[in-house]
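please work out how this folds:
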Amino acid sequence: MFLMKTSTPHKAVALLSGGLDSMLAILTVLRQGIAVNAIQFMTPFDPIASDDPTFCGIRCQSLSHTYGFEITVRHLRHEMIDIVTKPKHGYGKNMNPCIDCRILMLKEARQYMEAVGADFLVTGEVLGQRPMSQRKDMLYHIDKEAGVIDTVVRPLSAKLLRITVPEHKGIIDRGMLYALSGRSRKPQIALASEFGLENYPSPGGGCLLTEPNYAFRLKDLLAYDANPAIRDIDLLRIGRHFRYSPRCKIIVGRDEAENAIIESVAADRDYLLRVEGFGSPMTLVIGEITAESLRVAAAICGRYSDVKDLHEVVVKVVQRGQTSIMSTSPADDEIIDAIRIEKRKTRDQAIA
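Numbering: from 1, shown residues only. You can find the predicted model right below:
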């Protein structure tokens, strides 16, 4: 492990994801004595909520102190929701608008680069690692759309890409960059060892939009609400979701941590349900709520409680600080299967 020291008047802005590749890209630039200001973007679709203590920000801050670079965090909540609802370049396999997302982040990074007086941008992208956004032709297209043609240095694959302005000017030495490509992680792991970089995250799982079940929930939400609230987006990452009607949803916690989150985000107009006296999920009912939707929510709450085998359960219902009691039979499979928002396996997938 070694501390990087700035020895030139030049500065780069690096896009920091918290993953191994972006850290290697930063260290490759720092090794040439170039100062780095890292920018880390947060979106509603990060795999871990930004207020979670394990969010990569803590790990990244530790690395920034170790290796000597600054980090700025930018929130892209509304911008990302706009892109997800109307992607100019379409989606990947699920709901991931990778190309439009990358264009947005490079545009934001360009503005930050200009604000801090940096010379160029740096990313940890590896040619061919992702089929949609990391093809050579698509990298150039993304740069053009973002207004950063020949301004982005991709240190891990630079020798496989055309020369950029900072390389041409001698700001950064192309000979000290790399020619990595494809999906193998062995070269990155070897490079991490060279830099003394340890405890880096495993690849994959970088965006909830690539996960089939999450994408299915998001499609359902957008089908009934073209302009969803931030809270409704945030709730997609937790619990079991049920669509009672076009304007009414039921969300059931899966553990005590999710129960606490559900309870904390409930608005005055919402209903919270829990089976009295036994282990029970916290159940949230939102939207246009009727007596029948509450009855169904209570039955679902009972179904996932510790007393799901009883003929009848007692459910406490809270709204605007007022409490009432409902007695109901736990929901059967027919009710659950009819309204649960979940990507179902095809028959062939189930057999396999």
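
not counting its neighbours along the chain, what's nearest residue 158?
Nearest residue to residue 158 in three dimensions, chain neighbours excluded: residue 177, at 3.7 Å (C-beta to C-beta, 6 or more residues apart in numbering). C-beta coordinates here come from the backbone N, C-alpha and C atoms, glycine included.

name the helix or strand of the protein that has the lowest mean pLDDT.
The helix or strand of the chain with the lowest confidence, counting by mean pLDDT, DSSP states H and E, is helix 347-351 at a mean of 38.

give me the below-cutoff pLDDT ranges for the chain.
Screening the chain residue by residue with the criterion pLDDT under 70, one finds the ranges 1-7, 48-59, 201-205, 345-352.

is it true that residue 98 touches residue 133?
Yes - shown here, residue 98 and residue 133 form a contact pair, counting by C-beta atoms under 8 Å, at 4.2 Å.

show me where the stretch 101-250 of the chain has its helices.
Secondary structure of the stretch 101-250 of the chain, counting by DSSP state H, counting those that start in this stretch: helices at 136-146, 165-168, 186-195, 212-224, 230-235.

is it possible to get TSV of those helices that adds distance to residue 74 and mean neighbour count?
Formatted as TSV, the entries for the helices of the stretch 101-250 of the chain read as follows, by distance: least, C-beta to C-beta, whole Å; neighbours: other C-beta atoms under 10 Å:
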stretch	distance to residue 74	mean neighbour count
helix 136-146	15	17
helix 165-168	23	16
helix 186-195	25	15
helix 212-224	22	17
helix 230-235	16	16
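
look up how far residue 262 lies from residue 303.
Look at residue 303 and residue 262: by C-beta to C-beta, to the nearest Å, they are 16 Å apart.

picking that back up, so the residue nearest to residue 158 makes contact with residue 29?
No - Residue 177 sits out of contact with residue 29 when judged by C-beta under 8 Å, with a separation of 9.1 Å.

which neighbours do the two share?
When contacts are counted by C-beta atoms under 8 Å, 6 or more residues apart in numbering, the set common to residue 177 and residue 29 consists of 153, 155.

between those two, who's got more neighbours?
Each of residue 177 and residue 29 had its neighbours counted (other C-beta atoms under 10 Å), and the higher figure belongs to residue 29 (26 against 22).

tell me the helices and strands packed up against the helix or strand containing the more buried one.
When elements are defined using DSSP states H and E, residue 29 is found to belong to helix 20-30. When contacts are defined as 3 or more C-beta pairs under 8 Å, 6 or more residues apart in numbering; DSSP states H and E, helix 20-30 sits against strand 11-15, strand 35-42, helix 56-67, strand 120-122, helix 186-195.

export those to JSON lines and tack on distance to residue 165?
Written out in JSON lines, the entries for the helices and strands packed on helix 20-30 read as follows (distance: least, C-beta to C-beta, whole Å):
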{"stretch": "strand 11-15", "distance to residue 165": "12"}
{"stretch": "strand 35-42", "distance to residue 165": "18"}
{"stretch": "helix 56-67", "distance to residue 165": "25"}
{"stretch": "strand 120-122", "distance to residue 165": "7"}
{"stretch": "helix 186-195", "distance to residue 165": "25"}
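
now the residue nearest to residue 158: phi and psi?
Main-chain torsions, residue 177, degrees, to the nearest 10: phi -100, psi -180.

list the contacts of it.
Contacts here follow C-beta under 8 Å, 6+ apart; on that basis residue 177 touches 28, 153, 155, 156, 158, 159, 167.

so which of these are in strands?
Taking DSSP state E, the ones among the contacts of residue 177 that sit in strands are residue 153.

now, which of the contacts of residue 177 sits nearest residue 341?
Closest approach to residue 341 among the contacts of residue 177 (C-beta to C-beta): residue 156, at 38.8 Å.

surely the closest one meets residue 28?
Yes - at 7.4 Å, residue 156 and residue 28 qualify as touching, with contact defined as C-beta under 8 Å.

can you pull the residues that touch both of these two?
Here residue 156 and residue 28 share the contacting residues 177, 178, scored by C-beta under 8 Å, 6+ apart.
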